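> quick one, what's the 3D model for this:
(one chain, ligands or ions: 2)
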Amino acid sequence: MPTTDYLRISLIDRCNLQCQYCMPAGLTMDYVQRQDWLTRQELRQLLTEVFIPLGFDRFRLTGGEPLLRPDLVEIVADMAELPATQDLALTTNGILLAAKAPALWQAGLRRLNISLDSLNPQVFQQLTGGQDRWHQVWQGIQVAHGLGFAPLKLNVVVIPGVNDQEVLELAGLSRDRPWHIRFIEFMPIGNAHLFADRGWVDSASLRQHIRQHWGLEPGQVRGNGPADVFQIPGALGTVGFISQMSECFCDRCNRLRLSADGWLRPCLLNETGQIDLKTPLRQGKPLVYLRQRVADLVAAKPAINYKMRQSGVTGAYGRTMSQIGG
Ligand code: SAM
Ligand code: SF4
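Ligands and ions are numbered 1, 2, ... in the order given. Sure thing, here's the model as predicted:
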C-alpha cells in the first residue's frame, strides 16, 4: 500500500468555463460562499500543523478554476517556501494564465497542468461552454512554456464523437516540444446523463491507435500520479494515460482531496468518510485533534476507496468535478 502523502487542494469551486463533462449546462450550482473558503492563513495552518506532520509533502492546487482565487499568488508563495514541500503543482484551464504565469513563477511555482481538450477552436468552444477561448488558452500555454514551467502537462479528457479524432494530433504535440500530454478517461461524475449514450474511450484503445501511427514505447520516468507514461520514439515529451474508468488504481492511490470549504475527501469516486476540517478549526479545536482525525482518515482510506470502477459504475455524487477539483 503506498504512503498517503499527496494532497490536492481545491481553492475555489467557481469557474470561468463550463466544460460539458465537468459542469453541465443547466445545472444550478450551489457555490461555496466566500466566507466559507479556507483562508490563506487557515490553509497554511492546516498544512504546517496537520498535513505536513503526517508526512504530506506533495501538493496540487486546483478548483474550479484556481486562477480565479484572488490570493492565489500569495498562497503559492506560502506553500513554495515551506521547507517540507517536495512538490507543488497547479491545474488550470489556462484562460488567465498568460497574465498570471509570471507572478506564479515568481512565487515559486514550477509545475503546471493545463486542460486542453481540442486543437480545434470550434470544438473547444462547443465543449467548454460556448465562449471563444481557445486562442487565449493557447497563448497561456506559450507564455508558461516561455517562462520555463516544467514539466508542463496538457490534460485531455477524451469524449467519443467529440474530440477522439484529435488524439493523434494532440499526442503529436509531445514530439517536438517537451510537453506531456495526459489523456484522461471521461468520468460520468455529476453528469451521468450527459454522455450516457457515448460512454468513454478506454486508454488501451487510445494507446493502440497512437502506437500504430507514431509508435509508442514505455516512458523512462513515472510521475507522482496514476498516469501510465509512454513516449513516441524520439519525442521531447511524453504521452500518459489516466484510466480511472477502465482500470482500478485504488491500491496505489496516494492522495487525499481538500475542498475549498475545508472538507477532506479520501477518494474521488466515493463520498464516504469525508470530514469537515474548517468547522473545528474555526471553533478553535486543538490542532492535535484535527491531526488525529486526518490520521484516522488516512488509515481508513484503503477500506473506503471505491473499487467498483472496473464495471464502469461510479457512485452517486452530491458534487460535480468542478467542485471536487478533478
Ligand atoms: N479548472 C481547472 C482545469 O480545468 O484544469 C482545474 C479543475 S478541473 C476539475 C481538474 C481536471 O479535472 C481537469 O483536467 C479536467 O479536465 C478534469 N475533469 C473534469 N471533469 C472530468 C470528468 N468528468 N472526467 C474526467 N476528468 C474530468
Ligand atoms: Fe472546465 Fe476545469 Fe472549469 Fe471544470 S473546473 S468547467 S474542467 S475549466
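> now the residue of the stretch 101-250 of the chain found nearest ligand 2, nearest residue through space, not along the chain?
Residue nearest to ligand 2 within the stretch 101-250 of the chain (Cβ to the nearest ligand atom): residue 115, separated by 5.6 Å. (Each C-beta comes from the backbone N, C-alpha and C, glycine too.) Distances taken as Cβ to Cβ, 6 or more residues apart in numbering put residue 155 closest to residue 115, at 4.6 Å, once the chain neighbours are dropped.
> how many residues are close by the one you found?
Residue 155 has 20 neighbours, counted by other Cβ atoms under 10 Å.
> for it, give me its contacts.
91, 113, 114, 115, 116, 182, 184 (Cβ atoms under 8 Å, 6 or more residues apart in numbering).
> tell me the one of the residues you listed nearest residue 98?
Proximity of the contacts of residue 155 to residue 98 (Cβ to Cβ) peaks at residue 114, which lies at 11.2 Å.
> and the closest one, which of the three is it?
At residue 114, secondary structure determined by DSSP: H, G, I helix; E, B strand; the rest coil is strand.
> for it, which non-adjacent residue is spatially closest?
Per Cβ to Cβ, 6+ apart, closest to residue 114 is residue 94, 4.4 Å.
> for this structure, give me the ranges with low pLDDT.
1, 190-198, 221-224, 306-320, 322-326 (pLDDT under 70).
> try it again at 50.
Where the chain drops to pLDDT under 50, the residues are 309-313.
> what ranges do the strands span in it?
6-10, 58-62, 87-92, 111-115, 152-158, 179-185, 217-218, 228-231, 238-242, 255-258, 263-265, 275-276 (DSSP state E).
> got the angle between the fifth one and strand 179-185?
Read it as strand 152-158. 30 degrees (axes from the mean of the first three to the mean of the last three Cα atoms, to 10 degrees).
> do strand 152-158 and ligand 2 come into contact?
No. For strand 152-158, no contact with ligand 2 is found by Cβ under 6 Å from any ligand atom; the gap never falls below 7.6 Å.
> tell me how far that strand lies from the chain's centre.
Averaging C-alpha coordinates over strand 152-158 and over its chain gives two centres that are 10 Å apart (Cα atoms, centre = their mean, to the nearest Å).
> around ligand 1, pick out the residues from the stretch 101-250 of the chain.
So far as Cβ under 6 Å from any ligand atom goes, the stretch 101-250 of the chain lies against ligand 1 at 115, 155, 157, 184, 186, 187, 189.
> okay if I get these as CSV plus distance to residue 270?
Output for these, formatted as CSV (distance: Cβ to Cβ, whole Å):
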residue, distance to residue 270
115, 24
155, 22
157, 20
184, 18
186, 18
187, 12
189, 11
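> out of those, the closest to residue 140 would be?
residue 115 (10.7 Å).
> OK, contacts around the closest one?
19, 91, 92, 93, 94, 154, 155, 156, 157.
> ok, now how distant is the fifth one from ligand 1?
Relative to ligand 1, residue 94 is positioned 8 Å away (criterion: Cβ to the nearest ligand atom, to the nearest Å).
> what sits opposite residue 111 in the beta ladder?
In this entry, residue 111 is beta-bridged to residue 89, by DSSP bridges.
> residues contacting it?
Residue 111 neighbours (Cβ under 8 Å, 6+ apart): 87, 88, 89, 90, 149, 150, 151, 153.
> over to residue 243?
Applying Cβ under 8 Å, 6+ apart, the residues near residue 243 are 185, 202, 203, 204, 226, 228, 249.
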